[in-house]
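J.: Here's my sequence, what's the structure:
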Amino acid sequence: MQIFVSLSHQQEIHKAQLMQALNKFLPSETVSYCAELIMLHKLHLHIVVERKSRYGDYSPHHGKGNRISVNHNLSPFEFLLTFIHELSHHTAYVKYGPHHDSHGDEWKKEFQLNMKPFLEAKFFPYDLQAMLAKHMRNPKYSQSADVKLMQVLKKYDLRQSDKLVLNDLSEGEIFRMKNNKISMRKLNKLRTYILCETLDGKLKYKVHSMAEVVRIDL
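T.: Here you go, the predicted model:
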């Protein structure tokens, strides 16, 4: 994958610096192309500490470049998907202005267009390639809203291979959330979320099916 046919000496230096910074976050096959995307769109990429509420975000800054941030602790495939997700906010902003629906049809078209070179390159593992192709037919506001995609992404995140998520538990099992002492029982699946209740049955919660949990044996 390539955007620029040739680069000036200064551009070569800039690209090399970007690639060095990106190398530990992205799949190796995508580093060069993503560096060129940053250069083409004059983006400021900020790799930031984990935010529980989001994987990344985009902020337009007139005359000062455009800011994309991505959480530092994502797996390489998740980092790539998040980067292209946020890049698509930028290209949608450029094409359609500030008043389009942030995750509406315009953004979806841009996301599909920007992901196309990566899907055509077919460097993803077979099951992830198939799941991404399905996801991109009608991309959601976040990959976390696509549980099946998240399950496949988890397979290729070596840091999470030994982590237990709510979806791994059987109905009726007892658990607590990571960093939370409240014990709950898993009830029925609702789509992206799973209905759970406290052990006394007084409170019910909708918990994301890919939330990390600790199993409790009573």
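J.: Could you give the number of residues near residue 71?
T.: By the measure other Cβ atoms under 10 Å, the count of residues near residue 71 is 19. The C-beta positions use only the backbone N, C-alpha and C, and glycine is treated the same way.
J.: cool, and residue 58?
T.: 18.
J.: and the residue most central in space within the chain, what is it in contact with?
T.: For the chain, residue 82 is the residue whose C-alpha lies nearest the centre (Cα atoms, centre = their mean; 3.8 Å). Each residue near residue 82 by Cβ atoms under 8 Å, 6 or more residues apart in numbering is listed here: 55-56, 70-71, 74, 143.
J.: and which of the residues you listed is nearest residue 151?
T.: residue 143 (11.0 Å; Cβ to Cβ).
J.: Need phi/psi at that closest one.
T.: Main-chain torsions, residue 143, degrees, to the nearest 10: phi -60, psi -20.
J.: what number of residues lie near it?
T.: 21.
J.: With the one 4 residues further on instead?
T.: Applying other Cβ under 10 Å, we find 18 residues neighbouring residue 147.
J.: With the one 4 residues further on instead?
T.: Burial measure for residue 151: 16 neighbouring residues, criterion other Cβ under 10 Å.
J.: how close does it sit to residue 1?
T.: Distance, residue 151 to residue 1, using Cβ to Cβ, to the nearest Å: 27 Å.
J.: Buried residues, stretch 102-109. List them.
T.: 103, 106-109 (16 or more other Cβ atoms under 10 Å).
J.: List the residues that contact residue 37.
T.: Contact partners of residue 37, counting by Cβ under 8 Å, 6+ apart, are 3, 43, 87.
J.: er, residue 124 I mean
T.: 77, 118, 132.
J.: go again using 7 Å as the cut-off
T.: residue 132 (Cβ atoms under 7 Å, 6 or more residues apart in numbering).
J.: quick one: secondary structure of it?
T.: coil (DSSP: H, G, I helix; E, B strand; the rest coil).
J.: Quick check: pLDDT value at it.
T.: Looking at residue 124, its pLDDT reads 93.
J.: How much space separates it from residue 156?
T.: In terms of Cβ to Cβ, residue 124 sits 9 Å off from residue 156.
J.: ok so, going back, doesn't the residue nearest to the centre of the chain fall inside a helix?
T.: Yes - assessed by three-state DSSP, residue 82 belongs to a helix.
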